[in-house]
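A.B. asks: one predicted model, sequence on top.
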Amino acid sequence: MNEPLTNLCVLIMAGGHGTRFWPWSSELLPKQFLPLAHPERSLLQQTCDRVADLAPVERIFVLTNREHVSIVRTQLPQIPPANIIGEPVLRDTAAAVGLGAYIAGARFPGAVQIVLPADHEIAPDARFREVIAYTATCAAEDGALYTLGIRPSRPSAAYGYLLRGEPQPSPAGFVRYHVRAFVEKPDLATAKRYVDGGEHDWNAGIFVWRADAIIEAISRRLPEHGRHLPEAAAAHGTPEFETKLHDAFLALPRISIDYGVMQAEGEAGRVRAVEGDFHWSDLGGWQAFADKIDPDEHDNRVFGHAHDWNGGGWRERWSPRRPGENDPDETLTLGRVFTMDSRDNLVFNNRRGHSVALLGVQGLAVVHTHEATLVTTRTLAEAIKPLVTHMPPRVRTGGPVPTRRVEKPWGYELWWGVSDDFAGKSLFVRAGSRLSLQYHVLKEEVLYLHAGHARVLTAPRGGDLETIEMNAGDALHVEPGRLHRLEAIEDCLVIESSTSFLWDVVRVADDYGREGTRAAEVAK
């Protein structure tokens, strides 16, 4: 059993797009990079931790989208940079698996390869490694394509299914069998029939095979992949790799390894399975996440600082854990959640300082983050992909608000940051022009003169007006109620950072006839 482990290679698939856990996840930060199953480790980090005892880091490869390479390198600094490969275009799992197999086969002749997604939850890790070690032994000996089967707990149209065939000899503690059919994601009625029949397992999407065996199968089933991927793999580790990889992926059809290879190879009798008798979840959406949270006495499942009304006071709970003293913000960000006369709800609030309150509701899923809020039912929380897919790209992708130029009679503004808590912009003020004499009721800001020379008329609330000179490098703190007006003696670049009450401007005097409040302008 130990011999194949000396030649085991690992391919971690980390190319997801982040739709099922929106708005916590996004295209910029998909779920594999989030701490969904551990308060301080992402799913990707847990996946790498799980296989660290099976293969040295030089034999662990991570396939991800090109825009996520830097995140992978940050989360997995122990992996050699050359082993973290960014796919140039989306071509689904057949291209990624094929590339990994060709690279492993070329660098480590005779390699046995394990392929696993980066976004699954598995426990205990020790039993997972035992099952993988046994499966690797089998794959090395008979050259079949192995997958791990999981006994289904419910019908699901989200998983592939394995029709169990003849059992194969296996030592005590392991179950191995032929796969008579490999069915990728049937409809729900068919899935229910499979589960009721008792002859099907879920396909965990975790594969184990000899590199040469999967290469032969790809050549049989996907000749385009077999033609273009070897040249790219041969250039791995050289300056030509990125160009070769881009050209190869552009030439490939978009197809999964399940549809492209495993179904046909299963029908041909070349697929085997080993039962994975450990906890496994693909964490497919918010409902799966809710199942991980302990409910309160009203069956509410809360991620955050929870307060549930029990008739005489608030009962407090913390999830994922109560913060300790000096707990850094980077490892724990929890908002407050209040529930009263409410049952069977999922509430997620990871925005510290923000409160979410539920009164008299049942069966809701409420997800609040710094960028967006999702409100749906717990039943529909697993089915938000169509909603997210049809959203505008900016909303779906996440990340900072794009810069926006706004023309002004004195020059123009360039907005580069807006959130619930903060607004940032650059003001380009022409020489000889001046802004309104104005004050804010709630808004607080800092004006930093980055370039130019300006004169500022200012007075605190109820105080006397004074004139101050500002040169490049000077800053002015404008608290609520302070009158102020900036006049550009030279062309000026002013950087303004403020709280985000964008409507909160009262113009006392203005050279352009805009006296009054700005609330009506913002409303338009």
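C.D. replies: Yep, it's here. Residues are numbered from 1 along each chain as shown.
A.B. asks: what comes up buried for stretch 166-182?
C.D. replies: Using 16 or more other Cβ atoms under 10 Å as the burial criterion, the residues of stretch 166-182 that qualify are Gln168, Phe174, Val175, Arg176, Tyr177, His178, Val179, Arg180, Phe182. Heads up, the C-betas are built off the backbone N, CA and C, glycines and all.
A.B. asks: right, and the first one touches Arg176 too?
C.D. replies: Yes. Using Cβ atoms under 8 Å, Gln168 and Arg176 qualify as a contacting pair, with a distance of 4.2 Å.
A.B. asks: identify the contacts common to those two.
C.D. replies: Common neighbours of Gln168 and Arg176, using Cβ atoms under 8 Å, 6 or more residues apart in numbering, are Cys138, Arg272.
A.B. asks: His450 belongs to a helix, doesn't it?
C.D. replies: No. Read with DSSP: H, G, I helix; E, B strand; the rest coil, His450 is strand and lies in no helix.
A.B. asks: the residue lying closest to it once chain neighbours are set aside and Ala451, how far apart?
C.D. replies: Using Cβ to Cβ, 6 or more residues apart in numbering and skipping residues adjacent in sequence, the residue nearest His450 is Leu493, 4.5 Å away. Taking Cβ to Cβ, to the nearest Å as the measure, Leu493 and Ala451 are separated by 4 Å.
A.B. asks: the two: which has the busier surroundings?
C.D. replies: Neighbour comparison, Leu493 and Ala451: the larger count goes to Leu493, with 17 against 14 (by other Cβ atoms under 10 Å).
A.B. asks: what's His370 sitting at in phi/psi?
C.D. replies: phi -70, psi -20 (degrees, to the nearest 10).
A.B. asks: who's in contact with the residue nearest to it when sequence neighbours are not counted?
C.D. replies: Take His370 and drop its neighbours on the chain: the residue closest to it by Cβ to Cβ, 6+ apart is Arg351, 5.4 Å away. Arg351 is in contact with Thr333, Gly335, His368, Thr369, His370, counting by Cβ under 8 Å, 6+ apart.
A.B. asks: narrow those residues to those that are buried.
C.D. replies: Gly335, His368, Thr369, His370.
A.B. asks: my read: the third one touches Arg352, true?
C.D. replies: Read it as Thr369. No. Judged on Cβ under 8 Å, Thr369 makes no contact with Arg352 at a distance of 11.4 Å.
A.B. asks: in a helix, that's where the residue nearest to His450 is, yeah?
C.D. replies: No. Leu493: not assigned to a helix; according to three-state DSSP it is strand.
A.B. asks: packing partners for the strand ranked longest in the chain?
C.D. replies: Counting by DSSP state E, the longest strand found in the chain is strand 200-210. Contact here means 3 or more Cβ pairs under 8 Å, 6 or more residues apart in numbering; DSSP states H and E; on that basis strand 200-210 packs against strand 112-117, helix 125-142, strand 145-150, strand 160-168, strand 271-275.
A.B. asks: mind listing the strands for the stretch 401-524 of the chain?
C.D. replies: Applying DSSP state E, counting those that start in this stretch to the stretch 401-524 of the chain gives strands spanning 404-408, 411-418, 423-429, 437-439, 445-451, 453-459, 466-471, 475-478, 483-488, 492-498, 506-509, 516-517.
A.B. asks: and the third one with strand 411-418, angle?
C.D. replies: Read it as strand 423-429. Here strand 423-429 points in a direction 170 degrees away from that of strand 411-418 (axes from the mean of the first three to the mean of the last three Cα atoms, to 10 degrees).
A.B. asks: right, and the helix or strand after the helix or strand harbouring Ile71?
C.D. replies: Taking DSSP states H and E as the definition, Ile71 sits inside helix 69-75. Later in the chain than helix 69-75, the nearest helix or strand by DSSP H and E is strand 84-87.
A.B. asks: pLDDT on that following strand, on average?
C.D. replies: Strand 84-87 carries an average pLDDT of 96.
A.B. asks: try stretch 278-291
C.D. replies: Stretch 278-291 shows a mean pLDDT of 91.
A.B. asks: could you dump it to CSV, C-alpha only?
C.D. replies: The C-alpha atoms that make up stretch 278-291 are tabulated as CSV, following Å, rounded to 0.1, in the frame of the first residue of the first chain:
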residue,chain,number,x,y,z
PHE,A,278,-16.4,9.9,5.8
HIS,A,279,-18.4,13.1,6.1
TRP,A,280,-18.6,14.8,2.7
SER,A,281,-20.4,17.9,1.5
ASP,A,282,-19.8,20.0,-1.6
LEU,A,283,-21.3,23.0,0.3
GLY,A,284,-23.5,23.7,-2.6
GLY,A,285,-25.2,26.8,-1.2
TRP,A,286,-26.7,28.6,1.7
GLN,A,287,-28.8,25.8,2.9
ALA,A,288,-25.8,23.5,3.2
PHE,A,289,-24.1,26.3,5.1
ALA,A,290,-27.1,26.6,7.4
ASP,A,291,-26.9,22.9,8.2
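A.B. asks: and Arg227, what helix or strand is that in?
C.D. replies: helix 223-234.
A.B. asks: that helix - contacts with which helices or strands?
C.D. replies: Judged by 3+ Cβ pairs under 8 Å, 6+ apart, helix 223-234 is in contact with helix 92-107, helix 211-221, helix 241-250.
A.B. asks: got the ones you listed as TSV, with mean pLDDT and distance to Gln438 columns?
C.D. replies: Conversion of the helices and strands packed on helix 223-234 to TSV gives the following (pLDDT from 0 to 100; distance: least, Cβ to Cβ, whole Å):
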stretch	mean pLDDT	distance to Gln438
helix 92-107	96	55
helix 211-221	97	67
helix 241-250	96	52
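A.B. asks: from Glu444, how far off is the spatially most distant residue from the centre of the chain?
C.D. replies: Within the chain, the residue lying farthest from the chain centre (Cα atoms, centre = their mean) is Asp464, at 52.9 Å. As judged by Cβ to Cβ, Asp464 and Glu444 stand 21 Å apart.
A.B. asks: next one: Ala191
C.D. replies: From Ala191 to Glu444 the distance is 56 Å (Cβ to Cβ).
A.B. asks: quick one: which of those two has more around it?
C.D. replies: Using other Cβ under 10 Å as the criterion, Ala191 and Glu444 rank with Ala191 on top: 22 against 16.
A.B. asks: and the angle from the helix or strand containing the more buried one to strand 200-210?
C.D. replies: Using DSSP H and E, Ala191 sits within helix 188-197. For helix 188-197 against strand 200-210, the angle by the same axes, to 10 degrees is 90 degrees.
A.B. asks: returning to that earlier point: intersection of neighbour lists for Thr369 and Arg352?
C.D. replies: Common contacts of Thr369 and Arg352 (Cβ under 8 Å, 6+ apart): none found.
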